[in-house]
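> attaching a predicted model along with its sequence, questions to come.
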Amino acid sequence: MGTQHGWTRRELLELGIAAGLVPPAAGRLAAGAATSRPSRNRAAPRNVIFLVSDGMSLGVPSLAEPFSQMVRGRGTRWYELLRDPRAVHGVCATESLNSPVTDSAAASSAWGSGVRVFNGALNVLPDGRRLTPIAALLRQTGRRVGLVTTTTITHATPAGFAAVEENRENQAAIAPQYLDVVDVLLGGGRQFFLADLREDGRDVAGEYAAKGYAVWTRRREVISGARPQRVLGVFADGHLPYTIDHAASAELRADVPTLVEMTRAALEILSDSGTGFFLMVEGGRVDHAAHNNDAAALLHDQLAFDDALAVAVDWAAEREDTLVLVTSDHGNGNFGLNGVGSSYEDSQRYFERVQRARGSFEELSARLSGAPTTRPARDEIRQVVESVTGIRPGSKEADAIRAALEGQPPVVSHQRANLVGVLGEVIGNYTGTGWIGTTHTSDLVLRSAWGPGAECFVGLMHHVDVFAQLAQLFDLPHRNPSMSVEEARPYRERAAVSLHPHWLNRAAPQRGHAGAEASTLRA
């Protein structure tokens, strides 16, 4: 017998047992349990603010709290929310239609259409059937929609709420799909909208302008106070810079808005609506930092995301009609702090060294790759690493970094046999931080809800259940078709995006970060 999501209960239990999420005994006891959730009498929200810290394993908010205390002298808003008796909390299972480990496209599609799809696909079933995402459904009710992100606005997570595409990599095709569907678009990705940057020369930004969208490309437009009804804001050719790099550059600070500034602008624009709105806000580069095993970049971007959460909660607190949801699409790397020293008493002292960093591993790898000599000496490597991370590696560690630069990294873990994996291990020797790899993980992710309808999001859910609850709260009658695991199995060899891990041999991340996550998925 199949569940409402297309998996048989046996398949779900086997998957949970294999992933360590369900003890075998519990699986046997639950085999005949009902999977439907009880109905509730609920107050329906007029607005929903849906915040996503992409790639956020549970260790990220756990360490963001003490890191915030260290660098800002105060805690995080998410921790405050976790203590708030008015908020409810739970966890999400994240598996996609073809794997216990999801990518962002499949996870976002589950939120966006209430259906599991293959990794790499955006609201398209393996047999080619195209699904209707929530943005289109909301527009049919007269509600307004906004997408805000620190990645390209056409990246997998924002796209899953509004676009339909067989391959998430086709961002040029995603760009025009938001037209007349999404009212506010703020993030990166000029290369997919501006005629002189697109490979086909199409003036997609001009098409938006012709339909009444204001086109913003600089921070000054975000903070000017101008609040047009519809906005396409793209502030970098690719992704927006990491927060740690943004803070270190006067030029970037002048040109590129912060996630807080974009979130505030989106709320001010969308709130001028008589019918309500849905706003998705993504801290997308948390995921990229996790792929790069970059503790400092990850934590600074998580704090930037937490500041955006504070804006959302404060805005909603002044009203009684807005639901705030905050969660992640999947874990990544399972970032954590290891016990260091006798009785682990040195863990805090080691962790405090993370705050010495003044740049991301993306910046560091660029400097290492651009070293004056073709084969940088130990001291040159040590000096460059120290200039960015505040940590001077030892001689043998410098040799390991040089070997990775030359495409011959030491192989202990295949996941970390690349430059960023080696850098993560080396810096972790001094900070106590650690990773299990450089890719997504199957672990449950944290979810919090605050405001009217929050009681619908307590306990263990799958991402598709989140869509179902939102559809009920918004009174959306449409339900998309779905496929079971068994029905989808014959299509696996024809999946749009290969998961072959060719990237294991790469020496360095892509400059400009066209997508660390995407590079792990491309064949």
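Here it is on my side, so go on.

> can you get me a residue count around the residue lying closest to residue 59 once chain neighbours are set aside?
Sequence neighbours aside, residue 336 is the residue nearest to residue 59 in space, at 4.0 Å (criterion: CB to CB, 6 or more residues apart in numbering). All C-beta spots, glycine's among them, are computed from the backbone N, C-alpha and C. Look at residue 336: counted by other CB atoms under 10 Å, it has 17 neighbours.

> and residue 336, how far from residue 428?
Remark: distance between residue 336 and residue 428 (CB to CB, to the nearest Å) = 10 Å.

> what's the overlap in contacts for those two?
434, 435 (CB atoms under 8 Å, 6 or more residues apart in numbering).

> which residues in the stretch 201-350 of the chain form strands?
For the stretch 201-350 of the chain, strands defined by DSSP state E, counting those that start in this stretch occupy the ranges 214-216, 231-234, 277-283, 322-327, 331-332, 336-337.

> got a list of contacts for the fifth one?
Residues outside strand 331-332 that contact it (CB under 8 Å, 6+ apart): 55-58, 94, 287, 290-291, 439-443, 445.

> where does the stretch 1-150 of the chain have low pLDDT?
For the stretch 1-150 of the chain, the stretches with pLDDT under 70 are 1-42.

> that one: strands as residue ranges?
47-53, 88-93, 144-152.

> just those strands: most buried one?
Mean neighbours per residue, mean count of other CB atoms under 10 Å, is largest over the strands of the stretch 1-150 of the chain for strand 144-152, with a mean of 28.

> could the C-alpha coordinates of it be exported in PDB?
Provided in PDB are the C-alpha atoms of strand 144-152 (Å, rounded to 0.1, in the frame of the first residue of the first chain):
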ATOM      1  CA  ARG A 144       1.900  38.400  -4.300                       C
ATOM      2  CA  VAL A 145       5.200  36.400  -4.300                       C
ATOM      3  CA  GLY A 146       8.800  37.300  -3.500                       C
ATOM      4  CA  LEU A 147      12.100  35.400  -3.800                       C
ATOM      5  CA  VAL A 148      15.200  36.700  -2.000                       C
ATOM      6  CA  THR A 149      18.600  34.900  -2.000                       C
ATOM      7  CA  THR A 150      22.300  35.200  -1.800                       C
ATOM      8  CA  THR A 151      22.800  32.800  -4.700                       C
ATOM      9  CA  THR A 152      21.800  33.500  -8.300                       C
END
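
> that strand packs against which elements?
The contact analysis (3 or more CB pairs under 8 Å, 6 or more residues apart in numbering; DSSP states H and E) places strand 144-152 against helix 134-140, helix 156-160, strand 184-188, helix 259-270, strand 277-283, helix 285-291.

> residue 237 is nearest to which of those?
Residue 237 sits nearest to strand 184-188 of all these, at 7.4 Å, using CB to CB.

> would you mind getting the angle between that closest one and strand 144-152?
Angle, strand 184-188 to strand 144-152, by axes from the mean of the first three to the mean of the last three CA atoms, to 10 degrees: 0 degrees.

> for the contacts of strand 331-332, which one is nearest residue 166?
For the contacts of strand 331-332, the closest approach to residue 166 (CB to CB) belongs to residue 440, at 20.3 Å.

> that concludes my questions; thank you for your assistance.
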